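Student: Have a look at this prediction, sequence included:
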Amino acid sequence: MSNIEKIIREEVNLNELREKIINGYNITKKEAMKLVNVDLEELSVAANSIRKYFCANTFDMCSIINAKSGKCSENCKFCAQSAHYDTQCEKYNILPKEKILEQGKNDFDKGVLRYSIVTSGRALQGEDIDKVYDAIETINQETNGYVCASLGLLDEEKFSKLKEAGLKRVHNNLEASRNFFPEVCTTHTYDEKINAIKAAQKAGLTVCSGGIMGMGETWEDRIDMAFELKELGIMSIPVNMLNPIANTPFENITPLTENDMQRIVAIYRFINPKAFIRLAGGRGLLKDKGKACFLSGANAAITGDMLTTMGISIETDKQMAEELGYKVQLTED
């Protein structure tokens, strides 16, 4: 039996650990690893109480638009938009700002709090940056919405420019732990991800960053990523579940179960007690659409369609959140 397996099998007093966290304690990796084997229901109840203490019943809901699709130079093994794989992904350049504005207005009117402009590719460049600048500026002029963007590996100068247009938050997933990342992508590095996140923070933007679960990583990988996000000061953590895409290297991976996802978000709540843990891509594969996770520490969601897959409607998500006792409202973190 490995040392990691021995740690996972060690007993932990959940109530004692929960109370320590509520009183300001930061758990260790060893303590987090012990949570992998505890009773799921007890873990979920404890994680949910931590969430209630630090985040009350606030529920953060955002939507995205695939503003530039396909033809991506990167070889991320999960992604339909990579030019390395024949996925029949729709391909188009930057959408007109009128189209981006139209969807933003519709989503805000339905109750979405944040609206993110997402573009394919390693990093947005040249006139595409100007087009996204114009779109962000227009949305800010014509709505009261909160604008985010996922634009790749930009530097501080480009992030600062987009902040001038009214950009509030940048999304840039780590995707996996440092250890597992080379199994996911080899065309850019983990450190390039980290550098882009820090560049956005230096530009005065908040950052949304998380990863994809179920790509073949271990529990230790998942927990290592949670601690990396904590170290980076990330307060919005998307937890995606791999939705295997045909003709990608991960097409034959069996999706995780609802219990797997429930345990993941609960452990992430213990490690990042004050963060908004956001169910994201792959949630539609869950029979309950994430309800159990929202009672186990998760308190945010990406709603509506994802980049290349169907999502869950804004109306359905809003109703679910309210039925669970949440109040959908914007936070600045």
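Tutor: Looks like it came in fine.

Student: okay, now the closest residue to Lys230 other than its chain neighbours: neighbour count?
Tutor: Excluding the flanking residues, the one nearest Lys230 by Cβ to Cβ, 6 or more residues apart in numbering is Asn272, at 5.3 Å. Heads up, the C-betas are built off the backbone N, CA and C, glycines and all. A count of nearby residues for Asn272, using other Cβ atoms under 10 Å, gives 21.

Student: With Ile21 as the reference, measure out to Asn272.
Tutor: Asn272 sits 10 Å away from Ile21, going by Cβ to Cβ, to the nearest Å.

Student: What segments of the stretch 151-300 of the chain are helices?
Tutor: Under the criterion DSSP state H, counting those that start in this stretch, the stretch 151-300 of the chain contains helices at 156-165, 190-202, 219-231, 258-271, 291-294.

Student: How far off centre is the second one?
Tutor: Using Cα atoms, centre = their mean, to the nearest Å, the mean C-alpha position of helix 190-202 is found 16 Å from that of the whole chain.

Student: Other residues contacting it?
Tutor: 152-156, 159, 170, 172-175, 178, 181, 207, 209, 232-234 (Cβ atoms under 8 Å, 6 or more residues apart in numbering).

Student: Using PyMOL, define a selection of the buried residues within the residues you listed.
Tutor: Applied in PyMOL, the following selects the buried portion of the contacts of helix 190-202 according to 16 or more other Cβ atoms under 10 Å:
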select buried, resi 152+153+154+156+159+170+172+173+174+175+178+181+207+209+234
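
Student: ok so, going back, test my guess that the residue nearest to Lys230 contacts Gly233.
Tutor: No - look at Asn272 against Gly233 with Cβ atoms under 8 Å: they stay out of range, at 10.1 Å.

Student: and Ala301, that's in a strand?
Tutor: Yes - counting by DSSP: H, G, I helix; E, B strand; the rest coil, Ala301 is located in a strand.

Student: pretty sure it contacts Gly282?
Tutor: No - contact criterion Cβ under 8 Å: Ala301 and Gly282 do not qualify, at 12.0 Å.

Student: Please identify which of these two sits among more neighbours.
Tutor: Using other Cβ under 10 Å, the more surrounded residue of Ala301 and Gly282 is Ala301, with 30 against 24.

Student: Quick check: nearest residue in space to that one, chain neighbours excluded?
Tutor: Per Cβ to Cβ, 6+ apart, closest to Ala301 is Leu279, 4.9 Å.

Student: do Leu124 as well
Tutor: Leu151 (4.2 Å).

Student: How much space separates that neighbour from His171?
Tutor: Leu151 is 9 Å from His171, by Cβ to Cβ.

Student: same check, this time on Ile129
Tutor: Ile129 is 16 Å from His171, by Cβ to Cβ.

Student: Tell me which of those two has more neighbours.
Tutor: Neighbours were counted for Ile129 and for His171 using other Cβ under 10 Å; His171 has more, 24 against 19.

Student: where does the nearest residue to that one once chain neighbours are set aside land on pLDDT?
Tutor: Spatial nearest neighbour of His171, excluding adjacent residues (Cβ to Cβ, 6+ apart): Ser150 at 3.9 Å. Looking at Ser150, its pLDDT reads 97.

Student: State the distance from Ser150 to Met61.
Tutor: 17 Å.

Student: More neighbours: which of those two?
Tutor: Using other Cβ under 10 Å, the more surrounded residue of Ser150 and Met61 is Met61, with 24 against 19.

Student: what's the distance between the more buried one and Leu113?
Tutor: Separation of Met61 from Leu113 (Cβ to Cβ) stands at 5 Å.

Student: Give me the common contacts of these two.
Tutor: Counting by Cβ under 8 Å, 6+ apart, the residues touching both Met61 and Leu113 are Val328.

Student: quick revisit: can you pull the contacts of the residue nearest to Lys230?
Tutor: Per Cβ under 8 Å, 6+ apart, neighbours of Asn272: Ala226, Leu229, Lys230, Ile234, Ile237.

Student: Backbone dihedrals for it, please?
Tutor: Dihedral angles of Asn272 (phi, psi; degrees, to the nearest 10) stand at phi -120, psi 70.

Student: let's number from 47 now, not from 1
Tutor: In the new numbering, first residue 47, that becomes Asn318.

Student: Look up how far Leu63 lies from it.
Tutor: Here the criterion is Cβ to Cβ. By it, Asn318 lies 14 Å from Leu63.

Student: Kindly report the same for Ser119.
Tutor: 44 Å.

Student: The two: which is more packed in?
Tutor: Leu63 (20 against 13).

Student: Thought Glu77 was touching that one, still the case?
Tutor: Yes - counting by Cβ under 8 Å, Leu63 does reach Glu77; the two are 6.5 Å apart.

Student: check which helix or strand covers Asn112.
Tutor: Using DSSP states H and E, Asn112 sits within strand 104-114.

Student: That concludes my questions; thank you for your assistance.
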